[in-house]
Every structure is written in structure tokens, then in C-alpha cells.
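Participant: Fold the following.
(one chain, ligands or ions: 2)
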Amino acid sequence: MQYREFGKTGVKVSRLGFGAMRLPAKEPDKAVELLREGINLGINYIDTALYYLDGQSEVLVGKAIKGQRDKVILSTKNPIEDASGANWRKRLEKSLAKLDTDYIDFYHMWAINWDKYVNLIDVANGPLEEARKAKEEGLIRHISFSFHDSPENLIKIIDTGNFETMLVQYNLLDRRNEEGIAYAKSKGLGVAVMGPVGGGRLGAPSKEIASLIPQGTKSSAEMALRFVFANPHVDIALSGMSDMVMLKENVRIASLEEPLSEEEKKILEDILEEKKRLAELYCTGCGYCMPCPNGVDIPANFTNMNYLKIYGLKEAAKNGYNKLKEENKAAENCIKCYECEAKCPQKIEIVKQLEETVKHLA
Ligand code: SF4
Ligand code: SF4
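Facilitator: Ligands and ions are numbered 1, 2, ... in the order given. Presented below is the predicted three-dimensional model:
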């Protein structure tokens, strides 16, 4: 296992973090065994959250670390439900009880955006004040955030100077936070990333992805992880692991001293740029064609087609399409009113492309 200094926190973390959101919760003994094996294999960072697995994740993590608390760096998250510091504190106490521990190493303001930061977090008697008190009391050791917002707002949150580490989405299909990650690093924050295999999308077999570098990799998941580990600004990548096979394979990849050589990085960079260009020729995702009067999420349908056409991710594309179908946003809902086409700056024949999407993914 490789280890990294986690920003300026003085903590050394394993490159691979155990995301505890996909544990086999219906088989608690198995889940505990899996977490313990992860620790045995050198993982020292476990990440959970108050509501993962219907609230069971923290309990399972608590059981797994019993008797070896000092070996583990514990991360969990507080959902910011309102601007009340007192309520925030109650949720902290709940997590401490479920984890059966006296302290949390990295305590996250969960899934924040700029609006939440300004209106609910950094306010009088709010969560940030309460977090500082909890830190003084030794209940938490570092104040962190996880984030879902625009790259511009990520920079603003980093610039508040109120956080020591952050957790953001990053993978080879979604590089929107790449600049923010480098910026955070330059400001001394520890950087953890979630979704290194694109929430499972990159876990499905794809020859195109697995062979992005000349020597090829065993799987698309390996390629995806090596891509994330090769970014010098990423300290730790969290993977939500659900079985021993996945755990051992991820540990193997996280143990590579050089996830990608300089030459491989350059080749990969060029190919990804080219793929991005191809994807944007098709649809940039600008959303100018929206809203569709019949509810079709046009760019989301085309994103799935890109997964198929450009990255060869058939399973991910089909799953994505089915999800849109459940939400009544799929291409097959198009009634060919042609309202959208005139609004597309790329002059995409949207109706025709939606028909194509239905043909391949429905
Ligand atoms: S043509 Fe189809 S996708 Fe475009 S606005 Fe009309 S119904 Fe929506
Ligand atoms: S306007 Fe065109 S490029 Fe923009 S999201 Fe719609 S289809 Fe894609």
C-alpha cells in the first residue's frame, strides 16, 4: 500500500480509502470481516456517513474498528439540514455513539454547495462555530467538506480557509474538479476523491477504457483507478467496496509505486482530450435546448450515448438510460415537436439523435 501526507494535517493516509457505502449490510459479519481485511491489507482511512446504508454503515464501521481505533483514520459526514449549530451537534453525537468512538478524525460538512455554506454553515450559532467548539473539545480532529457544486464555487469554498481537507468527485469521465483539486493542494488542503470508477460506470468491462495505455490494463476499473492515483494532487481515492475480490484488486492497484509512467500519462492525456473533443462534437451538455415540453432530458440522454459510442461503456449507458426512463426523461418520450433543435448552438439534429439513442439503449 502506498501512503501520502494528507495536505498539511500531519496525517499520513493510505492511497486507497475504504468507502463504507456499499458494504454487504444484510450480512453484518461479512461486512465487518471485509473492513477488517481492508485494515490488515494496509488501508488506514475509512469513510462513512450518518445515513449510509440506512444508517447501518457507521455501526458496522464501529464494530470493525473496535480494539484497533488507533490504527484507523475515521471519516464521517454531517448532513447540513438547517442553520442550527445545536442540531448539527446532535447529529455529531449520534455519529459518535453509532461509531462507538470518542473522536472522529475527519468530520465533513456533507455534500455542501456555496449557497449552503453562506446561508446554513458560516452563520451565527451555526454548524461552523459548533464544529470549532467540537474540535476544541477533541470530539473531531479536522474540519472537512464534501462537495457537489460548480468548479467556481469549489474555489470559493477552499478560499474561505475554514477547511483542512475536502472530498470531491473525480474520475476519467468527469474531470470538472481537476483545477479545484490542484488549487486545494496548493493551499495545503488534503484532497480525497470519491467516485474514482465513476460510481461503478467504469467498473463495467470496456475494451476501449482498459486499453487506453499501450500495455493495457486488466480491466476498465484498473485503468480508472490508475488514472486517479497518477494525479499528484490527489492524496486518497475512496472506493466503495462490497467484496473481497474487489478489495484485493483495489489494494493491488493502490500498491503500485508508479500508477502511470510519465509517458503513459502523456498518452492517456492526449487520448482523453481527443475523446472529450469527440463527445463535444456530439453534444457539449450546455443545456440550451432545455427544457423540453415533454420532459426529455436531452443532454443526459446524449451523455449515455457518449458512454456507448466514445468509451464503449455499454452497461453504464444502458443503466443510465433506464434510470432516465424511470424518471420519464428518456429519449423515447420525444414527441418530435422540434422545439429544441433551433436552440442548439451545435446544430445537432436532436430528434434524429434521440431516435438513435432509443435504438441503441432502449
Ligand atoms: S423534439 Fe422531442 S426532445 Fe425536442 S423539445 Fe420536442 S419533445 Fe422535446
Ligand atoms: S443545446 Fe445542443 S449541445 Fe447543448 S445540450 Fe442541447 S443538444 Fe447538447
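
Participant: From what I see, N162 and L128 are in contact.
Facilitator: Yes - applying C-beta atoms under 8 Å, one finds N162 in contact with L128, separated by 6.2 Å. The way it works is simple: take the backbone N, C-alpha and C, and place the C-beta from them, glycine included.

Participant: between these two, which one's more packed in?
Facilitator: L128 (20 against 16; other C-beta atoms under 10 Å).

Participant: in the helix or strand that contains the more buried one, what counts as buried?
Facilitator: Per DSSP states H and E, L128 falls inside helix 127-136. Within helix 127-136, the residues that count as buried by 16 or more other C-beta atoms under 10 Å are P127, L128, E130, A131, A134, K135.

Participant: Out of those, flag the one nearest to ligand 1.
Facilitator: Nearest to ligand 1, judged by C-beta to the nearest ligand atom, of those is P127 at 41.1 Å.

Participant: Skipping its backbone neighbours, what lies nearest the closest one in space?
Facilitator: Leaving aside its sequence neighbours, P127 sits nearest to W88 (C-beta to C-beta, 6 or more residues apart in numbering; 4.1 Å).

Participant: I143 now?
Facilitator: Nearest one to I143, counting by C-beta to C-beta, 6+ apart, is A131 at 5.0 Å.

Participant: Could I get the average pLDDT for stretch 300-307?
Facilitator: Mean pLDDT, computed over stretch 300-307, is 92.

Participant: contacts for stretch 298-310?
Facilitator: Under the criterion C-beta atoms under 8 Å, 6 or more residues apart in numbering, residues 173, 201, 208, 275, 278-279, 282-283, 285-287, 289-290, 292, 313-314, 316-318, 320-321, 324, 329-331, 340, 350, 353-354, 356-357, 360-361 lie in contact with stretch 298-310.

Participant: Among these, name the ones in helices.
Facilitator: Counting by DSSP state H, the contacts of stretch 298-310 place 208, 275, 278-279, 282, 314, 316-318, 320-321, 324, 350, 353-354, 356-357, 360-361 in helices.

Participant: So among those residues, which ones count as buried?
Facilitator: Here, 16+ other C-beta under 10 Å leaves 275, 279, 282, 316-318, 320-321, 324, 350, 353-354, 356-357, 360-361 buried among the ones in helices among the contacts of stretch 298-310.

Participant: how near is the closest residue to C337 other than its chain neighbours to ligand 1?
Facilitator: Distances taken as C-beta to C-beta, 6+ apart place P293 nearest to C337, at 6.6 Å, with adjacent residues excluded. Distance, P293 to ligand 1, using C-beta to the nearest ligand atom, to the nearest Å: 6 Å.

Participant: wouldn't P293 be in contact with Y338 here?
Facilitator: No - counting by C-beta under 8 Å, P293 stays clear of Y338, with 11.1 Å between them.

Participant: What is the nearest of the buried ones among the ones in helices among the contacts of stretch 298-310 to E27?
Facilitator: Lowest distance from E27 to those (C-beta to C-beta) belongs to A316, with 26.9 Å.

Participant: Contacts only, for R69.
Facilitator: Taking C-beta under 8 Å, 6+ apart, one finds T101 in contact with R69.

Participant: now could you export just the CA positions of stretch 172-180 as PDB?
Facilitator: Written as PDB, here are the backbone C-alpha positions of stretch 172-180 (Å, rounded to 0.1, in the frame of the first residue of the first chain):
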ATOM      1  CA  LEU A 172     -11.600   9.900 -16.100                       C
ATOM      2  CA  LEU A 173     -15.100  10.600 -17.300                       C
ATOM      3  CA  ASP A 174     -15.700  13.500 -15.000                       C
ATOM      4  CA  ARG A 175     -12.700  15.900 -14.700                       C
ATOM      5  CA  ARG A 176     -14.600  19.000 -13.900                       C
ATOM      6  CA  ASN A 177     -12.900  19.300 -10.500                       C
ATOM      7  CA  GLU A 178      -9.400  18.900 -11.700                       C
ATOM      8  CA  GLU A 179      -8.400  22.500 -11.400                       C
ATOM      9  CA  GLY A 180     -10.100  22.800  -8.000                       C
END
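
Participant: rewinding a little: so how far is Y321 from the residue nearest to C337?
Facilitator: 21 Å (C-beta to C-beta, to the nearest Å).

Participant: again with K135
Facilitator: Applying C-beta to C-beta to K135 and Y321 gives a distance of 45 Å.

Participant: now do N40
Facilitator: From N40 over to Y321 (counting by C-beta to C-beta), the distance is 40 Å.

Participant: related to what we said a few turns ago, for the buried ones among the ones in helices among the contacts of stretch 298-310, point out the one with the lowest pLDDT.
Facilitator: Among these, A279 carries the lowest pLDDT, at 72.

Participant: tell me which element the closest residue to that one other than its chain neighbours falls in.
Facilitator: Using C-beta to C-beta, 6+ apart and skipping the chain neighbours, the partner closest in space to A279 is N306 (4.5 Å). Of the helices and strands defined by DSSP H and E, N306 is found in helix 298-309.

Participant: can you state the direction angle for that helix and helix 350-361?
Facilitator: Angle, helix 298-309 to helix 350-361, by axes from the mean of the first three to the mean of the last three C-alpha atoms, to 10 degrees: 50 degrees.

Participant: touching ligand 2 at all, helix 298-309?
Facilitator: Yes - judged by C-beta under 6 Å from any ligand atom, helix 298-309 and ligand 2 are in contact via I298, P299, F302.

Participant: burial count for the first one?
Facilitator: I298 has 26 neighbouring residues, counting by other C-beta under 10 Å.
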